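[1] below are the sequence and a predicted model for it; my questions follow.
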Amino acid sequence: MVTLLGGHTVGMAHCDNVNTDTRSLGFSVRLTKTCASGPDATVALDQKTPEKVDNEFYRQISFGKGVLKVDQDLPFDGLTSGAVSEYRNDLEVFRADFAKAMIKLGTVGVLVDGEGEIRNQCWAFNN
Ligand code: HEM
């Protein structure tokens, strides 16, 4: 999961998914200001290179600049901190592991042709 969450090296989050209570006071202030305009405002998931697939995401979350709760906790939990520092320090290891994890994710057996449903919101059944 630590590897797959490296997917947050690109893209944006809407403010209703953002946790402004981060480990960096300055960043919390910035997030609060950005999100003051309402839940439709967006924030980059990777503070430095949000349009590039690299390991900067892991550096930023280690500085307390994670945007989602799920990302914010990764560098500070004993179960996940080791992998975060490995990826932060070694782009090539992250690249290789991320590619492997994405290929593995592709084999989980997605339900197609009426076997399942594509959710309109990921946290709830459509009906
Ligand atoms: C525990 C697992 C995960 C959680 C809880 C999670 C949660 C989220 C949330 C809340 C957002 C923001 C959505 C919004 O506000 O519009 C987001 C965005 C995103 N996530 Fe995840 N995510 C997870 C795993 C993944 C994985 C495995 C990948 C890819 C490998 C991924 C790739 C992305 C991308 C690319 C975006 C940005 C989408 C955009 O810019 O429109 N996420 N995720």
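    Sure, I can see it.

[2] contacts, neighbours, all on C-alpha from now
    OK.

[3] flag every residue of the chain that's near the ligand.
    Contact residues (CA under 6 Å from any ligand atom) of the chain with the ligand: 4-5, 7-8, 10-14, 17, 70.

[4] go through the residues you listed and flag which are in helices.
    Among these, the members found in helices (DSSP state H) are Val70.

[5] what's the helix ranked longest in the chain packed up against?
    Scanning the chain for the helix with the most residues, using DSSP H, yields helix 91-105. Applying 3 or more CA pairs under 8 Å, 6 or more residues apart in numbering; DSSP states H and E, we find helix 91-105 packed against helix 81-89.

[6] how far off helix 91-105 does the helix it packs on point, in degrees?
    Here helix 81-89 points in a direction 120 degrees away from that of helix 91-105 (axes from the mean of the first three to the mean of the last three CA atoms, to 10 degrees).

[7] in helix 81-89, what counts as buried?
    For helix 81-89, burial by neighbour count (16 or more other CA atoms under 10 Å) applies to 83-84, 87-88.

[8] ditto for stretch 10-27
    Neighbour-count burial for stretch 10-27 flags 10, 12-15, 18-24, 27 (criterion: 16+ other CA under 10 Å).

[9] span of that stretch from start to end?
    In stretch 10-27, first residue to last residue: 19 Å (CA to CA, to the nearest Å).

[10] contacts for stretch 60-68 next, please.
    Outside stretch 60-68, the residues that touch it by CA atoms under 8 Å, 6 or more residues apart in numbering are 13, 17-20, 22-24, 27, 43-48, 71-72, 74-76, 84.

[11] among those, which lie within strands?
    If you go by DSSP state E, these have 13, 43-44 in strands.

[12] can you add pLDDT and give those back as JSON lines?
    Output for the ones in strands among the contacts of stretch 60-68, formatted as JSON lines (pLDDT from 0 to 100):
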{"residue": "Ala13", "pLDDT": "97"}
{"residue": "Val43", "pLDDT": "98"}
{"residue": "Ala44", "pLDDT": "98"}
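
[13] now those as CSV including distance to Lys104?
    Output for the ones in strands among the contacts of stretch 60-68, formatted as CSV (distance: CA to CA, whole Å):
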residue, distance to Lys104
Ala13, 25
Val43, 29
Ala44, 26
